[in-house]
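Chemist: here's my sequence, what's the structure:
(one chain, ligands or ions: 1)
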Amino acid sequence: MAVSFKEVTKRFADGTVALDRLDLGFDLGEFIVLLGPSGSGKTTACRLLAGLEQPSSGRIEIEGRDVTNVPPRFRGIGMVFQNYALYSHKTVFENIAYPLRIRKVAAAEIERSVKDMAELLRIAHYLQRKPAQLSGGQAQRVAVARALVWQPAICLMDEPLSNLDALLRLHMRTELNRLHRKLDKTFVFVTHDQEEAMTLATRMAVLKEGRLVQFDEPKTIYRRPANRFVAEFMGRPAMNTIDGVVKGGIFKAGAVACAVDRPDGPVTLGIRPEQIEFMASNAPAAMTLTVDVKEAIEPDTLLIFQNAGGQAITLRTQTNCDAIEPGQPVSVSFPKQALHYFDAATGKRVE
Ligand code: ATP
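Modeler: Below is the predicted model of the structure:
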């Protein structure tokens, strides 16, 4: 394992437990994304790995070596933060060169490494500018170049794209993907944006309240969420989760009635909005739901149904919905193979 967190707990002086027995290991060359809502412990995990914080208990290993008490500069980690933290009085060149200068690298080698990195990040034209003369996206690239120029084994990025506008963010996302493939380094990337996580990660760690709730490839986390929290966190719009009761192989909750492979009793049913299907009203599997809200986000349409008990159900489709209006009944079905089941009490996935 390139990096291992072993039973790592971080309790701050005021008693806040930011990380609770985190067990997480990943390999060299992976693009690991730490994903979770605000306050779930992502930044704390990053700071612990970088050595900017000490764990209250547990161990952190990098390539088999216990680094728990090793100072940041000896951990071989490059870092990029949300606010870039560039030196405003230095040129772009000198900003990128800085990690090499403090390592006493020879001038010719610095020249070559900075230029290579600037080419790779497409900022070679700006090497003589000061950070104040750069756009947000350019400044962000300088920060990435500075973190990578000295070839650290691991590059840590804490919400590096959150200050950028939506288009630039998309663009930088693609750049990071390209850079990762090219450099073959281990990237650890913090975000609360699930789309960013899905597109960048080789594996992603989903955190909730300081605990690791699932660690897997993005597609597995999307397709087989370990619990209701992950199911509702991943996907836009979120997976529908409907509390109801199974009797004789039929799940019921308000107007929802569908065949399931579950024993009798309460269960939470999950279905992704894009997997709900339109049906002819006389089809055996059809149920009738009433449209509450229609939202067109071309080329998709979202139909939001209000089910009895106050649970909204969202359908996402590319079928033309021009003829459908709020207040209208629509026949749909929940295909069995698209269903997820979660324990009604604990929220854990049940098969
Ligand atoms: P965000 O997405 O908002 O940055 P995060 O997932 O990165 O959140 P952390 O910054 O790791 O979360 O914080 C985890 C928890 O630890 C939060 O409840 C936070 O308030 C708390 N915390 C962080 N730093 C400290 C500190 N120095 N002292 C006390 N509590 C702290």
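Chemist: switch to C-alpha atoms for all contacts and neighbour counts from now on
Modeler: Fine.
Chemist: which helices and strands does the lowest-mean-pLDDT helix or strand in the chain pack with?
Modeler: Scoring the helices and strands of the chain by mean pLDDT, DSSP states H and E places helix 166-183 at the bottom, with a mean of 85. Packing partners of helix 166-183 (3 or more Cα pairs under 8 Å, 6 or more residues apart in numbering; DSSP states H and E): helix 194-200.
Chemist: can I get the following helix or strand past the helix it packs on as CSV, trimmed to CA atoms?
Modeler: Next in sequence after helix 194-200, counting helices and strands by DSSP states H and E, comes strand 203-208. What follows is strand 203-208, C-alpha atoms only, in CSV (Å, rounded to 0.1, in the frame of the first residue of the first chain):
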residue,chain,number,x,y,z
ARG,A,203,-11.4,5.0,-6.0
MET,A,204,-13.3,7.2,-3.7
ALA,A,205,-13.7,7.3,0.1
VAL,A,206,-17.1,8.6,1.2
LEU,A,207,-17.0,10.1,4.7
LYS,A,208,-19.8,11.0,7.0
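Chemist: which residues touch strand 203-208?
Modeler: For strand 203-208, the external contacting residues (Cα atoms under 8 Å, 6 or more residues apart in numbering) are 30-37, 40-42, 197-198, 212-218, 230.
Chemist: partner strands of that strand, with direction?
Modeler: strand 31-35 (parallel), strand 211-216 (antiparallel) (DSSP bridges).
Chemist: state the mean pLDDT of it.
Modeler: Model confidence over strand 203-208, given as mean pLDDT, is 96.
Chemist: what sits against the nearest residue in space to Val17 that is not next to it in sequence?
Modeler: Once flanking residues are discounted, Val17 sits nearest to Arg11: 4.3 Å by Cα to Cα, 6 or more residues apart in numbering. Contacts for Arg11 (Cα under 8 Å, 6+ apart) come out as 17-19, 55-56.
Chemist: could you dump these into TSV and include pLDDT?
Modeler: TSV is the format used below for these (pLDDT from 0 to 100):
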residue	pLDDT
Val17	96
Ala18	97
Leu19	97
Pro55	96
Ser56	97
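Chemist: filter those to the buried ones?
Modeler: 17-19, 55 (16 or more other Cα atoms under 10 Å).
Chemist: closest to the ligand out of those?
Modeler: Set against the ligand, the nearest of those by Cα to the nearest ligand atom is Ala18 (3.9 Å).
Chemist: let's verify the closest one: helix, strand, or coil?
Modeler: strand (DSSP: H, G, I helix; E, B strand; the rest coil).
Chemist: so who does it touch?
Modeler: 9-12, 39-41, 44, 209-210.
Chemist: ok, now with 6 Å
Modeler: Applying Cα atoms under 6 Å, 6 or more residues apart in numbering to Ala18 gives the contacts 10, 41, 210.
Chemist: what residue of this structure is the furthest out?
Modeler: Centroid-distance maximum for the chain: Asn282 at 41.4 Å, with Cα atoms, centre = their mean.
Chemist: tell me which element it falls in.
Modeler: Going by DSSP H and E, Asn282 is not part of any helix or strand.
Chemist: let me know the pLDDT of it.
Modeler: You'll see Asn282 listed with a pLDDT of 78.
Chemist: who's in contact with it?
Modeler: So Asn282 contacts nothing (Cα under 6 Å, 6+ apart).
Chemist: is any residue of stretch 171-191 near the ligand?
Modeler: No - counting by Cα under 6 Å from any ligand atom, the ligand has no neighbours in stretch 171-191; the shortest distance is 7.0 Å.
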